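1. here is my input; please provide its structure:
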Amino acid sequence: MNGTEISNFSRRDFLKVCSMAAAAVGLPASAAEQMAESVSKRKPSVIWLQFQECTGCTESLLRTGHPDAAQLILDLISLDYSETLMAAAGHQAEAALEQAMKDNAGKYVLVVEGAIPTKEDGRYCVIAGKTAIEMTKEAAAKAAAVVAIGSCASWGGIPSADPNPTGAVGVGEIVKGKPVVTIPGCPANPYNLLGTVLQFATFGTLPALDEKGRPKFAYARVIHDDCPRRPHFDNGRFAQRYGDEGSRQGWCLYKIGCKGPQTHANCSLLSFVDTVGAWPIGIGAQCFGCTEKDLAFRVPLFQTVDVQGATPPAMYTPVNPQAGSVSPLATGVAGAVGGALVGAGLAYGAKLAKAEGETAGEEKKP
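-> You can find the predicted model right below:
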């Protein structure tokens, strides 16, 4: 990298991407410079395996705009093996995989897309004579970090839906002895992956993870808490059926089965492939809980779920007129509290004015 450009990627744009990645994983802005410096010296090697999946997560990666796919693959990371994107095929592809694992042993990030079938010794997914189980164990043994991208790789996803004929499981069921970062979603937001990989490449650390191995920066809160339709929920405005007046007005979709109150993800905060509104709720469909093993592909789409411990977004305070009538006692208590706050405010204002007057008087003294 020279002083002005990285490939055809301007340094300003490069730092902007690193800043986005740093912010995504909760790192300070100063981390962006460190990420840029680290990547300029040695781009993180990534080996990407694919098993029982629809290639949706790879497709999402290809549709990022800041950076675009070429900038991501050529400037930010070194994608050393990917069945979908590499030019090689057959024996050449397998040789490339072996060489990448050998040259970067103990340094590369292994990304797995797709569930891993376990029934009948894993014969439902065989590549170049090796089962998905064998390939995963072999690649994970030499990897510095393991990332399961998408719901299929995270916990089994669609292939594991009942009756699960292939015995599909997530990567964490196969890889033992080292942490597996799970980034669920159907498909997963590629920026959650990018932030995780760049943090590991720069600082040698993984983001803080929850009990399911999900990065807390992306999965600590449920969609309901930060949903753009949340004000309608708090004010009791609900769509009752698809296409009704409430639906056309953008009201809350909870009553037609939205799983947002129990779905941990940052879909409502981080635009998907740089397109505002490009997620189910954004286009008027209910969230179906794709990041949650107990919801996606198991609970009927129309079925509602309980709202558990909802917290308000930072941009407004919660209101809920459907909570029932307000009792005289509550009104009295609220009045007393409100009066106390007003009185305290007036007292503080008088005190502040007095202090300012005294200060002004002192300044007039010779």
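2. report the residue spans of the chain with pLDDT below the cut-off.
-> 1-11, 13-14, 17, 20-29, 32, 36, 38-42, 66-67, 74, 314-366 (pLDDT under 70).
3. strands of that one, start to end?
-> For the chain, the strands defined by DSSP state E occupy 5-6, 9-10, 45-50, 78-82, 109-113, 116-117, 126-127, 130-131, 145-149, 168-169, 180-183.
4. so which bits of stretch 298-309 are buried?
-> 299, 305 (16 or more other Cβ atoms under 10 Å). (Each C-beta comes from the backbone N, C-alpha and C, glycine too.)
5. how far out from the middle of the chain is that stretch?
-> On the basis of Cα atoms, centre = their mean, to the nearest Å, stretch 298-309 sits 21 Å off its chain's mean C-alpha point.
6. can you list contacts of that stretch?
-> Stretch 298-309 has contacts (Cβ atoms under 8 Å, 6 or more residues apart in numbering) with 161-162, 224, 254-259, 261-262, 286, 288-289, 295.
7. restricting to C-alpha, output it in PDB.
-> Extracted C-alpha coordinates of stretch 298-309, given in PDB (Å, rounded to 0.1, in the frame of the first residue of the first chain):
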ATOM      1  CA  ARG A 298     -40.300 -24.300  13.700                       C
ATOM      2  CA  VAL A 299     -42.900 -21.800  14.800                       C
ATOM      3  CA  PRO A 300     -45.700 -21.100  12.300                       C
ATOM      4  CA  LEU A 301     -45.300 -17.700  10.500                       C
ATOM      5  CA  PHE A 302     -48.600 -16.400  11.700                       C
ATOM      6  CA  GLN A 303     -48.200 -17.400  15.400                       C
ATOM      7  CA  THR A 304     -47.400 -14.600  17.900                       C
ATOM      8  CA  VAL A 305     -44.700 -14.900  20.500                       C
ATOM      9  CA  ASP A 306     -44.500 -13.500  24.000                       C
ATOM     10  CA  VAL A 307     -42.900 -10.000  24.500                       C
ATOM     11  CA  GLN A 308     -40.200 -10.600  27.200                       C
ATOM     12  CA  GLY A 309     -38.400  -7.700  29.000                       C
END
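8. ok, the closest residue to residue 43 other than its chain neighbours - contacts?
-> Distances taken as Cβ to Cβ, 6 or more residues apart in numbering put residue 78 closest to residue 43, at 4.3 Å, once the chain neighbours are dropped. Going by Cβ under 8 Å, 6+ apart, residue 78 touches 43, 44, 45, 46.
9. highest neighbour count among those?
-> Tallying neighbours with other Cβ atoms under 10 Å puts residue 46 at the head of the contacts of residue 78, with 24 neighbours.
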